[in-house]
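Colleague: here you go, sequence then predicted model.
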Amino acid sequence: MSLETRVSIAEAEQLVKEAFLRNGVKEAVAESVSNALVAQRLRDKLGMDFLE
């Protein structure tokens, strides 16, 4: 059984940022890295969908 939760891009960025903040990462760094990680995941996902 597969569980799937859909979130907006902004929600995904916020969730990742909050995880970094809970682990002591400075806010500016947490925001920058979370935005980059979510953007890369989107690029990867779009690329895979395009190839399928």
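Modeller: The structure has been received and is ready for your questions.
Colleague: any weak-confidence spans in this structure?
Modeller: Counting by pLDDT under 70, the chain shows low-confidence ranges at 48-52.
Colleague: from Phe20, how far out is the spatially most central residue of the chain?
Modeller: Taking CA atoms, centre = their mean, the centroid of the chain lies closest to Val38, which sits 3.1 Å from it. Separation of Val38 from Phe20 (CB to CB, to the nearest Å) stands at 12 Å. C-beta: built from backbone N, CA, C; applies to glycine.
Colleague: over to Ala12?
Modeller: Taking CB to CB, one finds Ala12 at 13 Å from Phe20.
Colleague: try Ala39
Modeller: Distance from Ala39 to Phe20, by CB to CB: 15 Å.
Colleague: check contacts around the residue nearest to the centre of the chain.
Modeller: Ile9, Ala12, Glu13, Val16 (CB atoms under 8 Å, 6 or more residues apart in numbering).
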